[in-house]
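**Q** My questions concern the predicted model and sequence given below.
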Amino acid sequence: MSSVTVIGCVQSDVVMSPVSDLPPAGGTLLTEQMTIRVGGAGANAALASVETGMQVPADQSGDAAQAARALQVVSGSCPVARGIS
């Protein structure tokens, strides 16, 4: 199996829904649901590489909880990585 090393950031994306309209500047909007997903150019590139069958070695750095979540996504064991939100 081929492997690739991805250098890039892994971030947490906070997704609020449903959002019918944007609030005015300085305003507040209440939503029914909030989810946190792994994002960032590095995470997206690693996930795309895994989906094409490549092996992507992972390095835990930064906050341990976020790193563990990112490893789940890259390894395919996270529901978000399988396209399930």
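**A** Now that the structure is in, tell me what you want to look at. All values derive from a computational prediction rather than experimental measurement.
**Q** Dead centre of this protein: give me the residue that sits there.
**A** For the chain, Val38 is the residue whose C-alpha lies nearest the centre (Cα atoms, centre = their mean; 1.6 Å).
**Q** give me the element that one is part of.
**A** Assigned by DSSP states H and E, Val38 belongs to strand 33-39.
**Q** Now Ser3: closest residue in space, sequence neighbours ignored.
**A** In this structure, Ser3 finds its nearest non-sequential neighbour in Gln55, 4.1 Å apart by Cβ to Cβ, 6 or more residues apart in numbering. Yep, even glycine has a C-beta here, placed from its N, CA and C like the rest.
**Q** picking that back up, what are the pairing partners of the strand holding Val38, and which direction each?
**A** When sheet partners are counted by DSSP bridges, strand 33-39 sits next to strand 11-17 (antiparallel).
**Q** hmm, back to that, check whether the spatially closest residue to the residue nearest to the centre of the chain that is not a sequence neighbour sits in a helix, strand or coil.
**A** Distances taken as Cβ to Cβ, 6+ apart put Val73 closest to Val38, at 4.6 Å, once the chain neighbours are dropped. Put simply, Val73 is helix when judged by DSSP: H, G, I helix; E, B strand; the rest coil.
**Q** Just the local confidence number for Val73, please.
**A** Per-residue pLDDT puts Val73 at 71.
**Q** got it, and the one 3 residues further on?
**A** Reported pLDDT at Gly76 in the predicted model: 64.
**Q** now do Thr31
**A** 90.
**Q** How many residues are close by it?
**A** 11 (other Cβ atoms under 10 Å).
**Q** Show the subsequent helix or strand relative to the strand holding Val38.
**A** Downstream of strand 33-39 (by DSSP H and E), the next one is helix 41-51.
**Q** Give me the angle between that following helix and strand 11-17.
**A** Put simply, helix 41-51 runs at 90 degrees to strand 11-17, going by axes from the mean of the first three to the mean of the last three Cα atoms, to 10 degrees.
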